[in-house]
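Student: sequence below, structure please.
(2 chains)
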Amino acid sequence: MTLETQLQAAAVQAVAVLYGAQVDAAQIQIQKTRPEFEGHLTLVTFPLLRQSHKRPEETGEDMGRYLKENTALVSAYNVVKGFLNLVIAPQAWLGLLDEINADPQYGLVSATEESPLVMIEYSSPNTNKPLHLGHVRNNLLGWAVSQIAAANGNRVVRTNIVNDRGIHICKSMLAWLRWGNGETPESSGKKGDHLIGDYYVLFDKHYREEVHALMAQGLSEDEAKQEAPLIKEAHEMLVKWEQGDTEVRSLWEKMNTWVYAGFDETYKALGVSFDKIYYESQTYLEGKEKVEEGLKKGIFYRRPDNSVWADLTGEGLDEKLLLRSDGTSVYMTQDIGTAKLRFQDFPIDKMVYVVGNEQNYHFQVLSILLDKLGFEWGKGLVHFSYGMVELPNGKMKSREGTVVDADDLVAAMIADARATMDAAGKNDDMTEEEKQETARIVGMGALKYFLLKVDARKNMLFNPEESIDFNGNTGPFIQYTYARIRSVLRKAAEQGLNVEAGLPADVAISTKEEELIQHMAQFAEVVRTAGQDCSPSVIANYCYDLVKEYNQFYHDFSILKEEDEAKKMFRLALSKNVAQIVKNGMGLLGIEMPERM
RNA sequence: GCUCCCAUAGUUCAAUGGAUAGAACAACUCUCUCCUAAAGAGUAGAUCCGGGUUCGAUUCCCGGUGGGAGUACCA
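Tutor: You can find the predicted model right below:
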């Protein structure tokens, strides 16, 4: 139990005894004491005035006296206006550190058989082009959210819905047939997803030429876009695909295989994985069935042109198309089908979709539709909506060639980490493999931390130069502190000091050390709140704050040269636990910690 | 047009309705005989505008202004 919750409980009791009133624990506001005042934790008395019928200062005095006399937690207090500053007793700090020290998983909760099952969908790529920076944010957020959910005692199923069918795939296929000369990943030396992406771009280039030519002949832009021979051919190919044409299907399968091999490499580099992958080619028919079912039940209606719609004007939204007049399915139909299959496969309690905020409306509608169709978790589905990643010179636009490719980015980050390491020259005794592995951990740590420290909901700016900065609020700064602590602990072990043996029972601790323990203990609460809000950025900023605080502390003295044996052991234990907590926290974000760097 | 989101130092980001709005980067000063200086200490610098709600507002509500997204028989 954290200090805050213990204090809250005691304060509830105090109010009952002093004022004979019942208050909720949530009504007891505890916060960290501002540095300019004496104390560790501060109780805000304003919310209690209704119960005490006294002025804020008097209420603070009453509460402070009660807490000091009746609990072992508080050793002193002072009142400033409506704020009751509490000094926590040294023994309480030692007890807390003991608690943290005893549990390497401190703050993390494991799932049991009865835990809620949370399914998290993320990544969800199209198979016609390689992953870019926007996907990277999605993948890293998805992974972090799933880790945090698991650390909050949920059973987690990570899932991916691959958009492997549709007109966009046909465009790549057509371009490859026409201009590819049988090129393969092996023959070209390109990653499969990049190869297919190149043909997608090639299609677009020729298609636009055709459109321009037609417009020169007097057609309007819309007409030209529809009448261009290439797009007509792509549509024909899509129809053949739907009919199961063997030639088209086998080409489609071949090219998808290339793309998946490419994606797997990227996923591996990003350190993400999935428990269950769904493919739209397998779910879109299910969606049609479900829509027909809804039609029979009268939830949806058919228009004279044969298209099927849902009327959501009662919910304050528009009418939404579910099946085209030719009977083919749209995006929404597929998501309904995927939901159906997932529900068959897993006893889902909660569904989380990690998808960009440009689809807020889509998920608002999906939630209502799933609910109408009888999915229990439909109403409560969570759209974990994240903002776009912008570049200093504007948005990423594939047509303008301003897309940041995921693989290029990963390679650049690792190369840069390696260059920085080599320049620092502290790794001269490492083998080449060790150097490369450390560079990978640090480079990826920089990238992941940069993307995860920002509130997911907000659009963010990705400045390539700043992202590879290793100073300040960055992943490598945190990793560096970790590596330094590990170094100290190694040296301590060489001197025969056993840090694993419990804490010294009796040692004088400084104010800074108390604050550090307080900060560490907060980790449990941070993980809990981050889990409720699905918020990786909260974890990231916590790790940074803790490490920054430790660094200030660390420079005040030399641990291994400390004369007092008990103090030395205490400080080693403190350091060890800071490292452990930071490692756990960063682990939730998918960021590894190097033993050396 | 309609709907939704965002607005904080020069820049990138923080702040369950709480005390004097925190960091980092960039700028300017200092600190390596020292467990890893990829560090630490210091100086300067901000809540878009106007109302409201209350003990108290960056936070909640209303109205502006400025940015972004959605509004397709695309996915």
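Student: give the residue spans of the stretch 201-350 of chain A that score low on pLDDT.
Tutor: Low-confidence segments of the stretch 201-350 of chain A, defined by pLDDT under 70, are absent.
Student: show me the strands in it, by range?
Tutor: Assigned by DSSP state E, counting those that start in this stretch, the stretch 201-350 of chain A shows strands spanning A:276-279, A:301-302, A:308-311, A:319-323, A:350-356.
Student: how far off centre is the shortest one?
Tutor: When C-alpha coordinates are averaged (Cα atoms, centre = their mean, to the nearest Å), strand A:301-302 and its chain have centres 40 Å apart.
Student: what pairs with it, parallel or antiparallel?
Tutor: Looking at strand A:301-302 with DSSP bridges, its partner strands are strand A:308-311 (antiparallel).
Student: over to the longest one?
Tutor: Partners of strand A:350-356 in the sheet, by DSSP bridges, are strand A:117-121 (parallel), strand A:382-386 (parallel).
Student: please put the alpha-carbon coordinates of the first one into CSV.
Tutor: This means strand A:117-121. What follows is strand A:117-121 as a C-alpha-only set of coordinates in CSV (Å, rounded to 0.1, in the frame of the first residue of the first chain):
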residue,chain,number,x,y,z
LEU,A,117,-9.4,-10.3,-21.2
VAL,A,118,-8.3,-7.2,-23.2
MET,A,119,-7.8,-7.4,-26.9
ILE,A,120,-5.6,-4.7,-28.4
GLU,A,121,-5.5,-4.1,-32.1
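Student: what is the subsequent helix or strand relative to that strand?
Tutor: Toward the C-terminal end, the helix or strand that comes next after strand A:117-121 (DSSP states H and E) is helix A:133-151.
Student: and the angle for that following helix with strand A:117-121?
Tutor: Relative orientation of helix A:133-151 versus strand A:117-121 (axes from the mean of the first three to the mean of the last three Cα atoms, to 10 degrees): 170 degrees.
Student: distance check, A:Glu155 against RNA strand B.
Tutor: Just to correct that, residue A:155 is Arg rather than Glu. In this structure, A:Arg155 and RNA strand B are separated by 27 Å, where distance is defined by Cβ to the nearest atom of the strand, to the nearest Å. In this view, the C-beta of every residue, glycine as well, is placed from N, C-alpha and C.
Student: for that residue, phi and psi?
Tutor: When quoted as degrees, to the nearest 10, the phi and psi of A:Arg155 stand at phi -80, psi 130.
Student: that one: how many residues sit nearby?
Tutor: 18 (other Cβ atoms under 10 Å).
Student: hey, what's it bridged with?
Tutor: Counting by DSSP bridges, A:Arg155 is bridged to A:Leu117.
Student: residue contacts, it?
Tutor: Listed by Cβ atoms under 8 Å, 6 or more residues apart in numbering, the contact partners of A:Arg155 are A:Ala111, A:Ser115, A:Pro116, A:Leu117, A:Val118.
Student: can you tell me which of the strands of the stretch 201-350 of chain A is most buried?
Tutor: Per-residue neighbour counts averaged over each of the strands of the stretch 201-350 of chain A give the maximum for strand A:350-356, namely a mean of 21 (mean count of other Cβ atoms under 10 Å).
Student: ok now the helix or strand just after it, how far from the chain's centre?
Tutor: On the C-terminal side of strand A:350-356, the closest following helix or strand by DSSP H and E is helix A:360-372. Centre-to-centre, helix A:360-372 and its host chain are 23 Å apart (Cα atoms, centre = their mean).
Student: what's the answer for stretch A:274-285, then?
Tutor: Taking Cα atoms, centre = their mean, one finds the center of stretch A:274-285 at 22 Å from the center of the full chain.
Student: and if you look at stretch A:374-394?
Tutor: Its chain's C-alpha centre lies 12 Å from the corresponding centre of stretch A:374-394 when counted by Cα atoms, centre = their mean.
Student: list the buried residues in it.
Tutor: Of all the residues in stretch A:374-394, those buried under the rule 16 or more other Cβ atoms under 10 Å are A:375, A:377-378, A:381-391.
Student: need the residues you listed in CSV (columns: pLDDT).
Tutor: Rendered in CSV, the data for the buried residues of stretch A:374-394 read as follows (pLDDT from 0 to 100):
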residue, pLDDT
A:Phe375, 88
A:Trp377, 85
A:Gly378, 87
A:Leu381, 91
A:Val382, 92
A:His383, 94
A:Phe384, 94
A:Ser385, 93
A:Tyr386, 94
A:Gly387, 93
A:Met388, 90
A:Val389, 91
A:Glu390, 87
A:Leu391, 85
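Student: contacts only, for the spatially most central residue of chain A.
Tutor: The residue at the geometric middle of chain A, judged as the C-alpha nearest the mean C-alpha position with Cα atoms, centre = their mean, is A:Leu141 (2.6 Å). Contacts here follow Cβ under 8 Å, 6+ apart; on that basis A:Leu141 touches A:Tyr122, A:Val354, A:Phe384, A:Tyr386, A:Leu451, A:Leu452, A:Ala456, A:Pro536.
Student: name the SS class of A:Tyr77, please.
Tutor: For A:Tyr77, the secondary-structure state derived from DSSP: H, G, I helix; E, B strand; the rest coil is strand.
Student: for A:Ile30, phi and psi?
Tutor: A:Ile30 adopts backbone torsions of phi -110, psi 130, taken as degrees, to the nearest 10.
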